Each structure stands twice: as C-alpha cells, then as structure tokens.
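**Student:** pasting the sequence and the predicted model now:
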Amino acid sequence: MKRDGLTELEIRVLEASRKSDFGDCFIEPSWSFSVCDASGLNEKVYRGVVSSLVKKGLVVIQDDEGKGRFRDMVFILTENGKKLWDNIQ
C-alpha cells in the first residue's frame, strides 16, 4: 500500500527518523545508523529505501566525517520531507 507516493518501507524509515536514539529528525538531523536501527531494517534494505527517499527530495544524507560509511552519515529530513510527513499523518 502506498500513501502519497510512499512505499510502506519509506514510511517505516520516516517514522524511525522521528524516534531514533539521537532524537527527532523534525527537530535536528540524526545519525543514519540510529535511524536504521530504529527502523528495524537490515542495512542493505535501509540503504535502498533511503536512496529512494533522497531521489524524491525528502531526505539528504551527509557525510560530515568524510568516512564514506553509510551508517556513519547524517540523516537530514528536508522541508519537503517534513511537509509530506505532516500531510500523511
């Protein structure tokens, strides 16, 4: 089932971004590994879902530490991502 063009897994990751161990991405960015852990998805599936959210302009992934490891990157919910999330809630 899709809501506003989002798959179930995309919704799951967006929900996880609101309740990661490092806070709520509506308020401030969080570590990608924390969002992954909160989603309950394995890393490979999570990376694919996040890539889709990035392509849709809903999420930005930033490599602040320059390590190149996906789990160590910062997960940022864009303004478009926040607006869409508000519309489906």
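**Tutor:** Yes, it's here.
**Student:** residues near residue 81, how many?
**Tutor:** By the measure other C-beta atoms under 10 Å, the count of residues near residue 81 is 21. In this view, the C-beta of every residue, glycine as well, is placed from N, C-alpha and C.
**Student:** element containing it?
**Tutor:** Secondary structure from DSSP states H and E places residue 81 in helix 79-88.
**Student:** could you export that helix as CSV, CA atoms only?
**Tutor:** C-alpha atoms of helix 79-88 as CSV (Å, rounded to 0.1, in the frame of the first residue of the first chain):
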residue,chain,number,x,y,z
GLU,A,79,11.5,20.7,4.3
ASN,A,80,9.7,18.8,1.6
GLY,A,81,10.0,15.7,3.6
LYS,A,82,8.6,17.4,6.7
LYS,A,83,5.6,18.8,4.7
LEU,A,84,4.8,15.4,3.1
TRP,A,85,5.0,13.7,6.5
ASP,A,86,2.7,16.2,8.0
ASN,A,87,0.2,15.6,5.2
ILE,A,88,0.1,11.8,5.7
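**Student:** for the nearest residue to residue 59 once chain neighbours are set aside, what are its contacts?
**Tutor:** Of all residues not flanking residue 59 in the chain, residue 53 sits nearest, at 4.1 Å (C-beta to C-beta, 6 or more residues apart in numbering). Applying C-beta atoms under 8 Å, 6 or more residues apart in numbering, we find residue 53 in contact with 10, 13, 14, 59, 81.
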